[in-house]
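Peer 1: here is a sequence together with a model predicted from it:
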Amino acid sequence: MSKQCEICGKKPVKAAKRTFSNKRIDYRQTPNLQSVKVSTEGGTKKITVCTSCLKAGKVQKAV
């Protein structure tokens, strides 16, 4: 499973935390991805979609 939204292309970004002593701690911020069954022309398909695309209605869930 890829860590990328198949609708908008949102993917993990690199971020840094700073401690009180100003040390840099690198980490990854990953998007909130969900596996969803989507209705397409050919039938249903399971894709990985971020929750912001689901909330915005960019994807029609299969019933």
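Peer 2: Everything's here; your move.
Peer 1: how about the helices in the chain?
Peer 2: 51-56 (DSSP state H).
Peer 1: so where is it shaky, pLDDT-wise?
Peer 2: 1 (pLDDT under 70).
Peer 1: residues in contact with the residue in it sticking out farthest from the centre?
Peer 2: Distance from the C-alpha centroid of the chain, by C-alpha atoms, centre = their mean, peaks at S21 (32.9 Å). Contact analysis of S21 by C-beta atoms under 8 Å, 6 or more residues apart in numbering lists nothing. C-betas here are computed from N, CA, C, even on glycine.
Peer 1: ok, so what distance separates it from K14?
Peer 2: S21 sits at a distance of 21 Å from K14 (criterion: C-beta to C-beta, to the nearest Å).
Peer 1: spatially nearest residue to K58, not counting backbone neighbours?
Peer 2: Excluding the flanking residues, the one nearest K58 by C-beta to C-beta, 6 or more residues apart in numbering is I7, at 5.4 Å.
Peer 1: what about that neighbour, neighbour count?
Peer 2: By other C-beta atoms under 10 Å, the residues close to I7 number 17.
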